[in-house]
Structure formats: structure tokens, C-alpha cells
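# Fold the following for me, if possible:
(one chain, ligands or ions: 1)
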Amino acid sequence: MNDLSRLAIHTMTTKPWDLPTACAKYAAAGVPGVGLWRQWLDGRPLAESKKMLDDHGLKAVSLVRSGFYPYLNAAEKQAAFDDNIKALDEAAAVGAPQVVLVCGAKPELSLPENRRHITEGIASLVDHASKVGVKLSIEPLHPMYADCRSAVNTIGQCNDMLDQIGDEWVGIAADVYHIWWDPCLEQEVKRAGKRIIGFHVCDWMTPTADMLNDRGLMGEGCIDNRGIRQLVETAAGFADWIEVEVFSARHWARDQDTYLADIIEAYKKHV
Ligand code: ZN
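Numbering: from 1, shown residues only. This is a model prediction of the structure:
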């Protein structure tokens, strides 16, 4: 059974709760970490959100998300760059050590072209990341999203990219939902080593009713959460936060207090 000292919950996991509510509920339940989605910062100064976290003894462990690098014209390229700079500044302001990157993809472009835009886009941000002291955390997404959400789909691709652009300010967020199926997982996690700076847990439902919003709570599906956790810990030396990230219309429709209790139970038992 896990204690809660490394548990973080993404605000998107309990989507019906705004930031003040999530802070109060997480803190009362003894959850110390928050994966902060940017929408939850809207409507108040960043310093106020930071104070809200601090007042509850909570730590922003990641800011989610920026990325979306592939572009069809110069204006899109500039807009992506500007938004990524803004995300790094927001992360610094709320004390989050990393920004999670969903790299993007355009169905109009070939996969190699998408991946070139992504590599160049991330490389263009390294200076600013080092200046504000926030890491860029590349999250490979399951290949079912390779058309329009991310052309980066495996830890191996992330490793290849980091070989090119350096890994001092760029790392990898390993989300079990996206990597559990990968036959090269073990060798690529070993190769990644300290590059793995984020670990996200949830589960894969059978059948999956919706490609985006039908994730399961750990233990509800077929992912070996504990096995993958042991892999990132033993093969890569990962010892940081474990972030529960579940997008689920089914769970969002439930009473969120009961759901939070279930999240904590699932974390203790299945991670
Ligand atoms: Zn994730």
C-alpha cells in the first residue's frame, strides 16, 4: 500500500471542481501534489493561484499543457511559440517545475514533417526554459492520436529527439495510457534514465467508448500500473511525483467526493 507522499492529482481528473474547490478537497484528503491544467488558472492573477496552492500546503508538480508545434503557415508557427513561452512563464509563476508538452500534429502534413516541426519547436524554447528554470516535458501520446494530437508516440522517439536537442531542460513525461502497449518500453525507459521527469497513471478500458474521455481509474482496466511504475523506478531511477490523470465522462458524472476517495484507494492498491 502506498502512502500519499508522492501522490499528485491533475485538476482535469476532477474536472467539475474549480481551483479553490480542488485545493480544499485535495488538501483535506491529504493529497500533496497538483497537476495544474492551465484552464484552472483563468480568471485570477497567477500570484493568487499560487497563494491558493501555498495556503493549502499544495505543490504544483506540473503545468499542463502546451506544445502543438506543427504549423501550416508562419502565423501558426509564431502563435505556437508565443503560447509555449507563456506556459513557461505561467509555470514559473505558480512554482511548477515542468510544463507538459502535447506535441501536436497536422493531418495535412506528413509524419516526418510534423516531427521536424516538433523538434524545431521544442529546440526553440530551451533558452527560455533555462532562463525561467522550468523544464519542458515531452509526453508521447498513443498512436491513435498521431493524426491531430501528437506525432510523437513512443519513449524511443523522445529519446531520439533528446539526443538531438539535449536533455538539460527537456525531459519525458511517461503516461501509462500512452506507453503500456509499446514492445520497446523496457529498453527505451532504460535508455531514457534521468530524462523521465514525469509519470502519469490511469487505466485503459475495454471497450474504450471514447478516444479522449473514457480513461479508467487504476485497476479498472488492463494496464499494469504497478509494473510500469517499478520499471520507471528501477530502470530509470525515477523517484518523483506520481500523477493521477484520468479523463472520464463516466467519473466526472459521479459525486466528486466519493470519486476522490476512490482515486486515493486505487492509488494505494494498484500503483
Ligand atoms: Zn499524461
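# Would you state the strands of the stretch 1-150 of the chain in chain order?
7-10, 33-37, 59-67, 98-102, 135-138 (DSSP state E, counting those that start in this stretch).
# Check whether the third one comes near the ion.
No. For strand 59-67 and the ion, the contact criterion (C-beta under 5 Å from the ion) is not met; the two come no nearer than 7.5 Å. (Each C-beta comes from the backbone N, C-alpha and C, glycine too.)
# Can you mark which positions in that strand are buried?
Of all the residues in strand 59-67, those buried under the rule 16 or more other C-beta atoms under 10 Å are K59, A60, V61, S62, L63, V64, R65, S66, G67.
# For the ion, give me its nearest residue in the stretch 1-150 of the chain.
Ranked by C-beta to the ion, the top residue of the stretch 1-150 of the chain for proximity to the ion is E139, at 5.3 Å.
# got the contact list for A80?
Shown in contact with A80 (C-beta atoms under 8 Å, 6 or more residues apart in numbering): G67, F68, Y69, Y71, G104, G121.
# and with 7 Å instead?
F68, Y69, Y71, G121 (C-beta atoms under 7 Å, 6 or more residues apart in numbering).
# In the buried residues of strand 59-67, find the pair that's most separated.
Greatest spacing in the buried residues of strand 59-67, by C-beta to C-beta: K59 and G67 (22.7 Å).
# do you know which of the strands of the stretch 1-150 of the chain lies nearest D18?
D18 lies closest, by C-beta to C-beta, to one member of those: strand 33-37, at 11.3 Å.
# name the helices or strands packed onto that closest one?
strand 7-10, strand 59-67 (3 or more C-beta pairs under 7 Å, 6 or more residues apart in numbering; DSSP states H and E).
# near the ion, anything from it?
No. Strand 33-37 lies apart from the ion when judged by C-beta under 5 Å from the ion; the minimum separation is 8.1 Å.
# so what strands line up beside that strand?
Applying DSSP bridges to the sheet, strand 33-37 is found paired with strand 7-10 (parallel), strand 59-67 (parallel).
# Mean pLDDT for those strands - can I get that in JSON lines?
JSON lines is the format used below for the strands paired with strand 33-37 (pLDDT from 0 to 100):
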{"stretch": "strand 7-10", "mean pLDDT": "98"}
{"stretch": "strand 59-67", "mean pLDDT": "98"}
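# Tell me the residues of the chain that contact the ion?
So far as C-beta under 5 Å from the ion goes, the chain lies against the ion at D175, H200, E245.
# Am I right that S248 is in contact with D214?
Yes. Between S248 and D214 there is a contact under C-beta atoms under 7 Å: 6.3 Å.
# So for these two, which sits in the more crowded spot?
Using other C-beta atoms under 10 Å as the criterion, S248 and D214 rank with S248 on top: 24 against 18.
# The more buried one and N114, how far apart?
Counting by C-beta to C-beta, to the nearest Å, the separation of S248 from N114 is 28 Å.
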